[in-house]
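1. just need the structure, nothing else, for what follows:
(chains A and B)
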Amino acid sequence: MTTQVEVQTDYKFKTDSNRLGLWLFIISDAFVFGGLLVSRFYLFAGERPELNQWLGLIVTFVLLTSSFFMYRAETDMTYGNVKGFSRNILVTITLGVLFLIGVVGLEWPTAPFSVGENAMSSIFFTMTGMHALHVLSGVIFLFIVYRKGKKGYYSQERHFPIEAAAVYWHFVDVVWVFFYPALYLMGRAI
Amino acid sequence: MEEMNEAAEKTNGDYKEKKNVGVAVFLVLIALTVGEFFIGSIAVDWSWPLWGIALLKAALIIYYFMHVTRVFGMSKEDQS
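-> Numbers count the residues shown, from 1 in each chain, chains lettered A, B, ... in the order given. Next up is the predicted model:
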């Protein structure tokens, strides 16, 4: 007969293994973004595209704020506050969608070049497109976790999927922390 | 009964402390972003401070928001 202690130990072991796998995935994904960042500086070391500075700053604020609300959502679930979790994760999802609208809906159409026009346009659309794809998958991931959380799938003790969604979301934020200055701030605008 | 009250108070205290840490980190991140925006606007050829700020912001997010110490079993939750 399986005791409560054995069940708890088994869950902890599984969570530790899952956590290690999650971080290995994050590190491997970071190499993809690192490669894009290196390509950007290899192609245009002292130059950058002429982009809307205020829009860049606003979308950066939006993503940082979404990370803050994701942190609150995870903390709420850790302390058993399911209502707080639901509220904060909804704000995170909304901010994620706003970020996508800002980059794909506003920045892309007003960029000073079209897709594939030159090397700079290619690297710009690849970097922002790859990142936007991660934001989109993050929003879907968060929505799944939100729905399951509402249905009572998670508890104060067992909520690894929420931790995984949070780590993934913060990782997307970390990527933008490097992409923002690389695309908007470093070098002379041409 | 007293022990239970003490435990509940401690949990509430931890909860508030964690939320306060989140607010503090968020405010620092915003301040650093404003700083890098002005550095980028004023000093066009000055990219090293921008790298420094980006690394600091990433370190704050990875440590406080992503709880990287959990991977090594070093966080408070793992020890309890």
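2. by proximity to chain B, which residue of chain A wins?
-> residue A:185 (2.9 Å; C-beta to the nearest C-beta). In short, each C-beta sits where N, CA and C put it, glycine included.
3. contact partners for that residue?
-> A:48, B:36-37, B:39-41, B:50 (C-beta atoms under 8 Å, 6 or more residues apart in numbering or on different chains).
4. between the residues you listed, which sits nearest residue A:177?
-> Using C-beta to C-beta, residue B:36 is the member of these that sits closest to residue A:177, with 9.5 Å.
5. picking up where we left off before, among the contacts of residue A:185, the buried ones, what's the PyMOL command?
-> Buried residues within the contacts of residue A:185, by 16 or more other C-beta atoms under 10 Å in any protein chain shown, are selected in PyMOL with:
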select buried, (chain A and resi 48) or (chain B and resi 36+37+39+40+50)
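6. residue numbers of chain A in contact with chain B?
-> A:16, A:19-20, A:23, A:46, A:53, A:57, A:60-61, A:64-65, A:67-68, A:70-72, A:75, A:78-79, A:81, A:163, A:166-167, A:170-171, A:173-174, A:177-178, A:180-181, A:184-188 (C-beta under 8 Å from any C-beta of the partner chain).
7. just the buried ones from the residues you listed?
-> A:19, A:23, A:57, A:60-61, A:64-65, A:67-68, A:70-72, A:75, A:78-79, A:81, A:163, A:166-167, A:170-171, A:173-174, A:177-178, A:180-181, A:184-187.
8. just those: which are in strands?
-> Here DSSP state E is the test, and these give no hits in strands at all.
9. just those residues: which are in helices?
-> Counting by DSSP state H, the part of those found in helices is A:19, A:23, A:57, A:60-61, A:64-65, A:67-68, A:70-72, A:75, A:78, A:163, A:166-167, A:170-171, A:173-174, A:177-178, A:180.
10. following the chain onward from the longest helix anywhere in chain B, which element is next?
-> As assigned by DSSP H, the longest helix anywhere in chain B is helix B:2-42. Per DSSP states H and E, the first helix or strand lying C-terminal to helix B:2-42 is helix B:48-60.
11. against which helices or strands is that following helix packed?
-> Packed against helix B:48-60 by the contact rule (3 or more C-beta pairs under 8 Å, 6 or more residues apart in numbering or on different chains; DSSP states H and E) you find helix A:160-180, helix B:2-42.
12. list the buried residues of stretch A:31-44.
-> A:33, A:36-37, A:40, A:44.
13. in chain B, what residue comes closest to chain A?
-> In chain B, the residue that lies nearest chain A is residue B:40 (2.9 Å; C-beta to the nearest C-beta).
14. measure the closest residue to that residue other than its chain neighbours to residue A:137 for me?
-> Nearest non-adjacent residue to residue B:40, counting by C-beta to C-beta, 6 or more residues apart in numbering or on different chains: residue A:185, 2.9 Å away. The gap separating residue A:185 from residue A:137 is 27 Å, by C-beta to C-beta, to the nearest Å.
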